[in-house]
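> Return atomic coordinates for the entry below.
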Amino acid sequence: MNIDNLIDIFIDESRENLQVLNIKLLELEKSPENSDAFNEIFRTAHTLKSMAKAVGLKEISELTHNMENLLEFLKNNNKTTAESAINLFLQCADKLEELIGRTVETGSDQGCEGVNELIENLRREINPGPQSFCAATTGIKPGVSEYAMPEKNMHSHRVPGISGQTARINTKSLDTIAHLIEELIINKTNACRLAEKSGSEELSMAINSIGNISEKLREEVLKLRMMPVGQVFNRFPRFVRDLCKELEKDIIFMTEGSEIKIDRAIAEELSELLVHLIKNSIDHGIETCEERIISGKKAKGTLKLAALKENNNILIKVIDDGKGIDTEKTVKKALEKGLIKEKDICGLTDSEILEFLFAPGFSLCEKTTDLSGRGVGMDMVKSKITSLNGNISISSEKNAGTEVFITLPPEIN
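Below you'll find the predicted structure:
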């Protein structure tokens, strides 16, 4: 196997490992005493280091080596990992994502800025100066991070790429195989007609056998295209965490139905759509702790991603317990944009009012920010879902929250 093939394998497996790294770091952030999460982070860093070294990716190897050194230091000295440590390791995870992206583009991990700075920060914590982020020795107050996450433009929030758990299969190759199988089935039908004309029973039986094998091959190819939707959902805990910190909101993020299978091509599209919907829930829907307490709610908001089977389709739900969508404001905006005439307002149901949110350029934001207010979100979401032969609807109740329902086929025909 040549080095290019090895790098391709490294890239796929590293994306899986980065997803694990992000998830376990968030678990450790919530429970600093969680030894299972800590050990998994240690194993993941070691795996990334070993794999990078094997294919000659020096920057990735050096960064993960220093992560591993610091993790070993914390473990051997019974140090509890503080929030600032989590922030530093998450910065490393971001940089690893960038380095892997560069490797995809150029075949090399060289040339990314900030790697040496991160390595120095990691090394400094093994030989600390006046302050260290180890909770047992720092005196850093809760919630204060020596290594705060760097400020980002809101558009820079991203989620890691989807990766499979076992097989490394090019989906274009699967499409080609599926197409060839369809051609085989069509030709089998033509061959059956010729066999009937010939009157040969043996020929008919042989052709039918080929047809049965073709159908089984088709079913197996479709199975190979399927993946658990949890591989999409697992991309978002880190995304939600970072966005909440920037917007100073406290939100519990949950997922349900991660085992539901969906076509890989649909999954990739779904991931991008969920970015918009989750941003909307966090930015516009769920209130700050202070606002929620005043409204008689629990201080922490909740955001849930759920998947379930509905007939032959997949239903995806994005549910928040925020303030809901202001239907009066929505109608007023629709009037301003000429989407409805005043004489037709009385007969509108809530579901019809909420449909205005999908109109091009429609936004309820008072001002444009880096995150929202440009009116290019929900219409794009609906257009993409329609192109996938799906549909989307919204249900909302004032001061109770909003639910977005996305219905999708399980596979692309």
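> C-alpha only now, for contacts and for neighbours.
Will do.
> Just confirm residue 309 is within a helix.
No. Assignment of residue 309 by DSSP: H, G, I helix; E, B strand; the rest coil gives strand, placing it outside any helix.
> Let's verify the closest residue to it other than its chain neighbours: helix, strand, or coil?
Among residues not flanking residue 309 along the chain, residue 315 sits closest, at 6.0 Å (CA to CA, 6 or more residues apart in numbering). Secondary structure assignment for residue 315 (three-state DSSP): strand.
> what sits against residue 315?
Applying CA atoms under 8 Å, 6 or more residues apart in numbering, we find residue 315 in contact with 307-309, 405-408.
> and residue 265, what does it touch?
Contacts of residue 265 (CA under 8 Å, 6+ apart): residue 412.
> where's it, which helix or strand?
helix 264-280 (DSSP states H and E).
> And the next helix or strand past that helix?
Following helix 264-280 toward the C-terminus (DSSP H and E): helix 289-294.
> which outside residues touch that next one?
Outside of helix 289-294, the residues within contact range by CA under 8 Å, 6+ apart are 249-250, 298-301.
> in the helix or strand hosting residue 186, what counts as buried?
Following DSSP H and E, one finds residue 186 within helix 171-198. By 16 or more other CA atoms under 10 Å, the buried positions in helix 171-198 come out as 178, 181, 184-185, 188, 191-192, 195.
> Equivalent analysis for stretch 299-311, please.
Using 16+ other CA under 10 Å as the test for burial, stretch 299-311 gives 299-309.
> and if you look at stretch 258-273?
258, 260-264, 266-267, 270-271, 273.
> ok, now stretch 197-208?
Result for stretch 197-208 [16+ other CA under 10 Å]: buried residues 203-204, 207-208.
> And the residue nearest to residue 323 when sequence neighbours are not counted, how far from residue 245?
The shortest distance from residue 323 to any residue other than its chain neighbours is 4.0 Å, reached at residue 399 (CA to CA, 6+ apart). Distance, residue 399 to residue 245, using CA to CA, to the nearest Å: 23 Å.
> again, but for residue 409
For residue 409 relative to residue 245 (CA to CA), the value is 35 Å.
> Just want to know which of those two has more residues nearby.
Shown here are residue 409 and residue 245; by other CA atoms under 10 Å, residue 409 has more neighbours (19 against 12).
> Pick out the most distant pair among the buried residues of helix 171-198.
178 and 195 (25.3 Å; CA to CA).
> okay, and for the stretch 1-150 of the chain, where does confidence drop off?
Along the stretch 1-150 of the chain, the model assigns pLDDT under 70 to residues 1-4, 128-150.
> Quick check: buried residues in stretch 116-131?
Those would be 118-119, 122, 125-126, for stretch 116-131 by 16+ other CA under 10 Å.
> Kindly report the same for stretch 352-361.
353-354, 356-359.
> Can you give me the end-to-end span of that stretch?
Stretch 352-361: ends 18 Å apart by CA to CA.
> For it, which outside residues touch it?
By CA under 8 Å, 6+ apart, the residues outside stretch 352-361 that reach it are 327, 330-331, 334, 339, 362-363, 374-376, 378-380, 382, 393-395.
> Narrow those residues to just the buried residues.
Going by neighbour count (16+ other CA under 10 Å), the contacts of stretch 352-361 have 327, 330-331, 334, 362-363, 375-376, 378-380, 382, 393-394 buried.
> could those go into CSV alongside distance to residue 223 and secondary structure?
Formatted as CSV, the buried ones among the contacts of stretch 352-361 follow (distance: CA to CA, whole Å; DSSP: H, G, I helix; E, B strand; the rest coil):
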residue, distance to residue 223, secondary structure
327, 43, helix
330, 43, helix
331, 45, helix
334, 45, helix
362, 39, coil
363, 40, coil
375, 38, coil
376, 35, coil
378, 31, helix
379, 32, helix
380, 29, helix
382, 27, helix
393, 29, strand
394, 31, strand
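> wait, residue 60 sits on residue 94?
No. Look at residue 60 against residue 94 with CA atoms under 8 Å: they stay out of range, at 11.7 Å.
> So if I had to pick from those two, which one is more boxed in?
Taking other CA under 10 Å, residue 60 and residue 94 do not tie; residue 60 has more neighbours (26 against 16).
> Nearest to residue 18 among the buried residues of stretch 258-273?
If you rank these by distance to residue 18 using CA to CA, residue 271 comes first, at 16.8 Å.
> you'd agree the closest one is up against residue 232?
Yes. Counting by CA under 8 Å, residue 232 is a contact partner of residue 271 at 6.0 Å.
> Tell me who's in contact with residue 255.
233, 304-306.
> just these: which has the poorest pLDDT?
Lowest in pLDDT among the contacts of residue 255 is residue 233, which has 93.
> Who are the contact partners of that one?
With CA under 8 Å, 6+ apart, residue 233 has these contacts: 255, 258, 305.
> Just the residues you listed: which are in strands?
The strands, defined by DSSP state E, take in 255, 305 from the contacts of residue 233.
> Let me have the contacts of residue 233 in CSV, extended by distance to residue 64.
Listed next are these as CSV, based on distance: CA to CA, whole Å:
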residue, distance to residue 64
255, 30
258, 30
305, 32
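> Okay, helices next: where are they in the protein?
3-30, 35-54, 58-76, 83-106, 115-126, 171-198, 201-225, 230-233, 236-247, 264-280, 289-294, 327-336, 350-354, 378-387 (DSSP state H).
> how about those, which one is nearest residue 320?
helix 264-280 (9.2 Å).
> Done for today, thanks.
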